[in-house]
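S.K.: everything below, folded, please.
(2 chains)
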There are 2 protein chains.
Amino acid sequence: MGNAPSAATAMLETAADAGVELCFANPGTTEMPLVAALDQVPRIRAVLGLFEGVCTGAADGYARMTGRPALTLLHLGPGFANGIANLHNARRARSAVVNLIGDQASWHRAADAPLTSDIESLARPVSAWVKTAKSAQDLAADLAEAIGVATGPPGRVASYVIPADFQAESAGGSARVETVAAPPVPSDRVEAAATRLRAAGAAGLILLGGAGLTAASQRAAARAAAATGARLRVETFPAVWERGGALPAIDRLAYFPEQAREDLAPSDAVVLAGAIPPVAFFGYPGQPSQLAPEGSVVSLATPDEAVETALLALADALGAKSGPEVARAPLPDAPTGPLQSVSVGAALARCLPEGAVVMDESATSGLPFYGMSTGAAPHTLLSLTGGAIGQGLPVATGAAIACPDRKVIAFQADGSGAYTLQSLWTQAREGLDVVTLLCSNRAYRILQVELARAGIAEPGPQARSLTQLDGPALDWVSLAKGFGVPGQRVETAEELVAALPRALAEPGPQLIEMMIG
Amino acid sequence: MGNAPSAATAMLETAADAGVELCFANPGTTEMPLVAALDQVPRIRAVLGLFEGVCTGAADGYARMTGRPALTLLHLGPGFANGIANLHNARRARSAVVNLIGDQASWHRAADAPLTSDIESLARPVSAWVKTAKSAQDLAADLAEAIGVATGPPGRVASYVIPADFQAESAGGSARVETVAAPPVPSDRVEAAATRLRAAGAAGLILLGGAGLTAASQRAAARAAAATGARLRVETFPAVWERGGALPAIDRLAYFPEQAREDLAPSDAVVLAGAIPPVAFFGYPGQPSQLAPEGSVVSLATPDEAVETALLALADALGAKSGPEVARAPLPDAPTGPLQSVSVGAALARCLPEGAVVMDESATSGLPFYGMSTGAAPHTLLSLTGGAIGQGLPVATGAAIACPDRKVIAFQADGSGAYTLQSLWTQAREGLDVVTLLCSNRAYRILQVELARAGIAEPGPQARSLTQLDGPALDWVSLAKGFGVPGQRVETAEELVAALPRALAEPGPQLIEMMIG
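M.R.: Got it, this is the predicted structure:
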């Protein structure tokens, strides 16, 4: 039976039958049977990344845009470890990602060869499901279980460790994936939220997250809010946020806890719709962890429940028959003069093509964009969910693979962009329509802000050195060229306004390095 | 007592008092008190990396060249995770590395803010010591313990998780580090090894690793071998190997198990001096894990014992009064014609400056160098100890910081170089004398070899795509320029022979992209 399909093939057939179409891969020797199996199962497209963080971030971006899981293919513990930071973000984004991690042949593990390590210990902190294959016969059934867990609802990271010998052995056929739908929210919870919002009036607030940020969810939330006078907010780092066009303009909850608390302070009722109770990103002296006023939090729908249906039911329960009139906000004027974060925000808001996907890892440089883009063309915004920087370029890469008919903009800070810049090569190789808008301020600006917040008004030379990215400044046009992506540098708002539409009109990846003053 | 030193300062004083001089850092918000403390303890030099794998690899390179520990400063679980691959290599190299990992404020952990994760679970697979600080008062004493563990002997990785609030609080003074020397090898073990080697005669073999690869160890081993007719071998991936000049020419044990087993097959006695029993790097069908013939292995000195003294004692026990005459091997001829791995090996062997440090992550392209460089100028060779690719450029960076008076050559494959190419920026910023000799073959060649070994004679399109680095090829001269490192491309052996001495003569980093046919 030398021609019987390998267990690796049966496993990939299982994935393909469940609708899996992508495998973001950076394989090594222990994954060779899986690499060979990819040619037996061409329904799954293999995309190579030069670094594992590109693969895991791209899988996250793909999952966010499609709602379907992507595979990654990674090389033992160290290869997996290189992908952990973006799996951390994927976990916080509730994205469906299934990691296939090759390991030493089962009989060779005890030899403790150089690449051997405890992969499960590495995988657990980012994975809802971790398993090491015990025999070739298990592979298809185990993967079916992994995909079932990963598809949630809403979405989870699953990590499967597969000794090389099991991959190569022949085994039985493929297995069937069981999926479940998001459970509906009980009507008494909808009623309770409605009651609290009615009582709170203008002191009510609906905090949207997860599936509460679809277009339909936001319209329902706006209806509900209009009925009682409640305010609306979006969680600080949403995974997928539909924005622009005729959608209601909703502010994000602020990043710094004192600002978020001030914003939430007047709220008697903070109704959570797909969001979790808001907490400070970091702990600062004198600022509590929990941001909402005590006793204010009301759960309408958790992220793993049917959020959109719950918001529609809430609006109905509040008797809000029709939505509020949403006047599309005017676009900002064309910016002029030196490049600053305000001019960047204006230029981007004006140029956004309909249906654009904006992956925002612009950090401090990107803040003005939000207020300026509420009247922009309808677009999808992806943000840095887990705070592990180096997500932007990989997620943009995966989003572009997921949505070949849409323009993707990687709105990217320079410091965080440097972590996973190898993404540019995958964009070039796959011919992806990604425009990287690189905000070059030659600093970890947020850390300079944090030093000041920590009371260090005049940092010494070592602290300055650790928060500045000059001497030498990165030359992003050369870096992009090195990976096969055409780039250009702009120094003024006028140059940006001219360059951005041209870059968006080109097929394939482009990079614009913006020298922000 | 607002001006009392912070616990972070007391901790860094502890490290400085123990001789720690370097901190390779990529900090974030939760490490700000430690960043500020670095300006209070200027005896410790902070060096910024744009990616954590640069920091951990540089710490490994520094520790290999100095025998002293370096600190890293990393940002919570995801930041640490980015450094794991090179910590895996450091663990296999038995390098002394102490990771300082900031964490959420102790009172804020329970809020499960976005960047929170189980850091200890991530750290355990690469660390001999993992601890989370329980109070500010513990920091200095805990770090003293960590440094004690890390300094071995021979050297270990220690990981210390430090909540941000504890770093900032004031605490007691610094603590004292207790270190221990490598224990001597009992004389009966030396006698036993001598007896086995005498009995084996030409069927004896001494396998050198760890401290068995100092110049004195190798000379003692050569004396011992000459007395009995035994052969000498170096472990396949030595951490630090003194070579060239008048040192004996010793081959490495081969990488592929069938070759290593054939080499070892005639050995009745395989005496381990600082090496561990040789095992296959990967498990292949039909090849056992253990490479030495059954019953042949004799331990003279483990890596954590006094290997050099044991080898001297062995040579004396064998009555080998003077070393064998070592004729310095001739240098290869100057290569001509197309660039191939043979011409690269010859050019490098001929040009090596006295005292050069060669970090070899050249993979398949570098193999001919070994045989051609036995008569080269005395140099130190560092190799990829743990198989986690992306070590070369970071380790070269740390080695150059450790040895400012020596030339460092990063002999680097293109595929593995792409994982941690951000190292080039640190080299530029610190003005390090590193010449990166970049072997561009536009492929993961070793994986193409492994596919063939796995019986896949004609890989399908997906397997081909996952093992080729073309379409587009990386342009390493542009990548280097982007990070501030001058580069040039060479296409022939003659161009390389002309370019290499010029690059070595320049101060600061240089990159030569070698287009290998």
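S.K.: what's the following helix or strand after the helix or strand harbouring A:Leu100?
M.R.: Using DSSP states H and E, A:Leu100 sits within strand A:97-103. Downstream of strand A:97-103, the next assigned helix or strand under DSSP H and E is helix A:119-123.
S.K.: state the mean pLDDT of that next one.
M.R.: Averaging the model's pLDDT scores along helix A:119-123 yields 98.
S.K.: show me which residues of the stretch 401-517 of chain A sit near chain B.
M.R.: A:415, A:418-419, A:421-422, A:425, A:428-429, A:446-447, A:450-451, A:454, A:456, A:459-463, A:465-467, A:469, A:471-484 (CB under 8 Å from any CB of the partner chain). (Glycine included, C-beta is placed from N, CA and C.)
S.K.: in the beta-sheet assignment, what are the partners of A:Phe24?
M.R.: Beta bridges link A:Phe24 to A:Val47, A:Thr72, judged by DSSP bridges.
S.K.: can you tell me how far it sits from A:Phe256?
M.R.: Separation of A:Phe24 from A:Phe256 (CB to CB, to the nearest Å): 34 Å.
S.K.: between those two, which has more neighbouring residues?
M.R.: More crowded of A:Phe24 and A:Phe256, by other CB atoms under 10 Å in any protein chain shown: A:Phe24, with 32 against 17.
S.K.: run through the stretch 1-150 of chain A and note the low-pLDDT ranges.
M.R.: A:1-3 (pLDDT under 70).
S.K.: can you give me the strands in it?
M.R.: A:22-25, A:45-48, A:70-75, A:97-103, A:129-132 (DSSP state E, counting those that start in this stretch).
S.K.: separate out the buried members of the residues of the stretch 401-517 of chain A next to chain B.
M.R.: When burial is judged by neighbour count using 16 or more other CB atoms under 10 Å in any protein chain shown, the buried members of these are A:415, A:418-419, A:421-422, A:425, A:428-429, A:446-447, A:450-451, A:454, A:456, A:459, A:462-463, A:465-467, A:469, A:474-484.
S.K.: from those, which ones fall inside helices?
M.R.: The helices, defined by DSSP state H, take in A:415, A:425, A:428-429, A:446-447, A:450-451, A:462-463, A:465-467, A:476-482 from those.
S.K.: can you list the strands of the stretch 1-150 of chain A in JSON lines and add distance to B:Leu74?
M.R.: Below are these laid out as JSON lines (distance: least, CB to CB, whole Å):
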{"stretch": "strand A:22-25", "distance to B:Leu74": "25"}
{"stretch": "strand A:45-48", "distance to B:Leu74": "28"}
{"stretch": "strand A:70-75", "distance to B:Leu74": "21"}
{"stretch": "strand A:97-103", "distance to B:Leu74": "22"}
{"stretch": "strand A:129-132", "distance to B:Leu74": "23"}
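S.K.: so which of the ones you listed gets nearest A:Gly375?
M.R.: Closest approach to A:Gly375 among those (CB to CB): strand A:70-75, 33.2 Å.
S.K.: what's A:Gly19 sitting at in phi/psi?
M.R.: Dihedral angles of A:Gly19 (phi, psi; degrees, to the nearest 10) stand at phi 90, psi 10.
S.K.: ditto for A:Asp251
M.R.: Here is the backbone geometry of A:Asp251 (degrees, to the nearest 10): phi -80, psi 150.
S.K.: count of residues packed around it?
M.R.: For A:Asp251, using other CB under 10 Å, the count is 13.
S.K.: and it, bridged to which residues?
M.R.: Under the criterion used (DSSP bridges), A:Asp251 bridges to A:Arg233.
S.K.: hmm, it is touching A:Leu367, no?
M.R.: No: applying CB atoms under 8 Å, one finds A:Asp251 not in contact with A:Leu367, separated by 11.6 Å.
S.K.: contacts only, for whichever residue of the stretch 301-450 of chain A sits closest to chain B.
M.R.: With CB to the nearest CB as the measure, A:Ala388 is the residue of the stretch 301-450 of chain A nearest to chain B, at 3.4 Å. Neighbouring residues of A:Ala388 by CB atoms under 8 Å, 6 or more residues apart in numbering or on different chains: A:Ala85, A:Asn86, A:His88, A:Asn89, B:Pro78, B:Gly79, B:Leu115.
S.K.: may I ask which of these has the most neighbours?
M.R.: Going by other CB under 10 Å, A:Asn86 tops those with 36 neighbours.
S.K.: what's the closest of the contacts of A:Ala388 to A:Leu73?
M.R.: Nearest member of the contacts of A:Ala388 to A:Leu73, counting by CB to CB, is A:Asn86, at 14.7 Å.
S.K.: hang on, that closest one packs against A:Gln391?
M.R.: Yes: using CB under 8 Å, A:Asn86 is in contact with A:Gln391, at 5.6 Å.
S.K.: what is in contact with those two at once?
M.R.: A:Gly57, A:Asp60, A:Thr420.
S.K.: can you list these in a markdown table and add neighbour count?
M.R.: Output for those, formatted as a markdown table (neighbours: other CB atoms under 10 Å in any protein chain shown):
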| residue | neighbour count |
| --- | --- |
| A:Gly57 | 35 |
| A:Asp60 | 35 |
| A:Thr420 | 33 |
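S.K.: closest to A:Val497 among these?
M.R.: The closest of the shared contacts of A:Asn86 and A:Gln391 to A:Val497 turns out to be A:Thr420 (CB to CB; 28.5 Å).
S.K.: report pLDDT for that closest one.
M.R.: For A:Thr420, pLDDT reads 98.
S.K.: now A:Pro378
M.R.: 97.
S.K.: what's it in contact with, if anything?
M.R.: Residues in contact with A:Pro378 (CB under 8 Å, 6+ apart) are A:Glu242, A:Arg243, A:Gly244, A:Gly245, A:Ala246, A:Leu247, A:Glu354, A:Gly355.
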